[in-house]
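# Sequence plus predicted model, see below.
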Amino acid sequence: MKMSRKKTAVIAIGGNSLIKDNAHQKIEDQYQAAKETCYHIADMIEAGWNVAIGHGNGPQVGLILRQSEVAAKVEHLPETPLDVCGAESQGLIGYLLQQNLQNELFRRKIHQNVATVITQVLVDKNDPAFQHPTKPIGGFMTEEEAKRKAEELGWTVVEDAGRGWRRVVASPDPKEVVELDTIKALIEAGVIVITVGGGGIPVIDKGDGDYVGIAAVIDKDFASSLLAQEINADIFIISTAVEKVALNYGKPNEKLIDRMTVAEAKQYIQEGHFAKGSMLPKVQACIRYLEAGGKEALITSPENIGRALRGETGTWIVP
């Protein structure tokens with residue numbers, strides 16, 4: 001097969017971009033949202049880019065966990081481990097993106113294949129995050145149920161702002177994309193790859209060379225950034241809900257950013273401009289990519305990717 005000489009982009013899209021709100025959680029709704037996102041990614045491919053797509057999976061894993069919890073209570077079926085829920089979500093979201101993108105490319109008479117790789121991501125079993133789990137997952141429980149789960153299953157549980165008790169897990173740093181060689185081979189062959197879904201399935205090295213899944217959640221922006229570093233991507237793009245990153249977001253003195261250097265981005269972080277659960281990890285992921293030798297990073301909304309690549313919008317972060 002002829003090797004590709006196109007420029008390569010890694011695009012990270014949010015799991016929330018597939019579930020727009022609580023009224024649109026059905027698979028049909030997610031399929032339609034994926035179709036809209038894939039239309040904009042197809043524009044990039046038509047413009048001559050090779051693309052690797054990373055994606056979030058927070059809402060989808062939440063639904064899979066709830067289905068498992070309900071099935072355990074009603075039918076007494078065994079609950080699904082979190083790493084397996086992550087794998088299920090990779091297959092689900094990969095299918096929605098893969099079919100929609102392949103259909104769109106076919107309509108445009110672009111002869112490129114699309115493939116989803118069920119991807120494991122290695123984390124350090126001694127990562128400090130495991131000592132202080134903070135990521136809430138699954139449904140709410142009574143205090144009695146939560147404490148029983150903690151005793152029987154070793155869960156870490158916390159009381160959540162008076163709404164009930166929830167399980168929390170660690171969010172360790174991604175260290176290595178396990179299927180990297182496979183992903184590289186597919187990209188070099190011109191295949192559009194959907195990978196590191198939900199930040200990847202977190203696995204640890206037991207110490208004897210064997211990998212085993214672990215209950216954790218990896219930030220999809222950090223995992224996609226790591227992928228961009230490891231394949232030497234020409235650009236790293238984070239597709240999110242906003243057209244541009246803002247300083248003083250939501251305040252009267254809000255200011256949109258067209259371009260910032262790594263040094264400026266670090267200064268804005270220090271000044272507290274980016275929220276922990278939303279824009280902060282996105283900017284940090286871009287910094288990681290650039291400090292590892294990346295050329296340029298872009299944060300914008302899906303419908304503005306094409307315009308941003310023409311220099312018309314988006315927030316660009318450069319070394």
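All right, it came through fine. Numbers count the residues shown, from 1 in each chain.
# partner residues bridging the spatially closest residue to His132 that is not a sequence neighbour?
Leaving aside its chain neighbours, His132 sits nearest to Ala170 (7.5 Å; criterion: C-beta to C-beta, 6 or more residues apart in numbering). All C-beta atoms are positioned from the backbone trio N, CA, C, and that covers glycine. On the basis of DSSP bridges, Ala170 is bridged to Ala216.
# burial of Ala170, as a residue count?
Neighbour count of Ala170, defined by other C-beta atoms under 10 Å: 21.
# Report the contact partners of it.
127, 129-130, 132-135, 215-217 (C-beta atoms under 8 Å, 6 or more residues apart in numbering).
# Look up phi and psi at Ala189.
In terms of degrees, to the nearest 10, the main-chain angles of Ala189 are phi -90, psi 0.
# how close does it sit to His132?
Counting by C-beta to C-beta, to the nearest Å, the gap from Ala189 to His132 is 42 Å.
# Same check on Gly14?
Look at Gly14 and His132: by C-beta to C-beta, they are 25 Å apart.
# Show me the helices in the stretch 51-200 of the chain, by range?
Secondary structure of the stretch 51-200 of the chain (DSSP state H, counting those that start in this stretch): helices located at 58-74, 82-107, 143-153, 180-188.
# possible to save those helices as a markdown table with mean neighbour count and distance to Ala23?
Converted to a markdown table, these look like this (neighbours: other C-beta atoms under 10 Å; distance: least, C-beta to C-beta, whole Å):
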| stretch | mean neighbour count | distance to Ala23 |
| --- | --- | --- |
| helix 58-74 | 17 | 13 |
| helix 82-107 | 20 | 18 |
| helix 143-153 | 13 | 28 |
| helix 180-188 | 17 | 35 |
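# in this protein, what spans have low per-residue confidence?
Along the chain, segments meeting pLDDT under 70 span 1-5, 15-16.
# Go again with 50.
For the chain, the stretches with pLDDT under 50 are 1-4.
# which residue sits farthest out from the middle of it?
Within the chain, the residue lying farthest from the chain centre (C-alpha atoms, centre = their mean) is Glu144, at 33.5 Å.
# separation between it and Trp165?
Taken as C-beta to C-beta, the span from Glu144 to Trp165 is 9 Å.
# For the stretch 201-319 of the chain, just list every one of the strands.
Assigned by DSSP state E, counting those that start in this stretch, the strands in the stretch 201-319 of the chain fall at 201-205, 211-213, 235-239, 246-247, 255-256, 259-261, 297-300, 315-318.
# Partner strands of the fifth one and their direction?
Okay, so that is strand 255-256. Partners of strand 255-256 in the sheet, by DSSP bridges, are strand 246-247 (antiparallel).
# so how far is the partner strand from its chain's centroid?
How far strand 246-247 lies from its chain's middle: 22 Å, per C-alpha atoms, centre = their mean, to the nearest Å.
# Name the residues that touch it?
When contacts are defined by C-beta under 8 Å, 6+ apart, strand 246-247 is touched by residues 254-257, 268, 273.
# from those, which would you call buried?
Neighbour-count burial (16 or more other C-beta atoms under 10 Å) applied to the contacts of strand 246-247 gives 257, 268, 273.
# How about Val157: what's its closest non-neighbour residue?
Using C-beta to C-beta, 6+ apart and skipping the chain neighbours, the partner closest in space to Val157 is Ala146 (4.0 Å).
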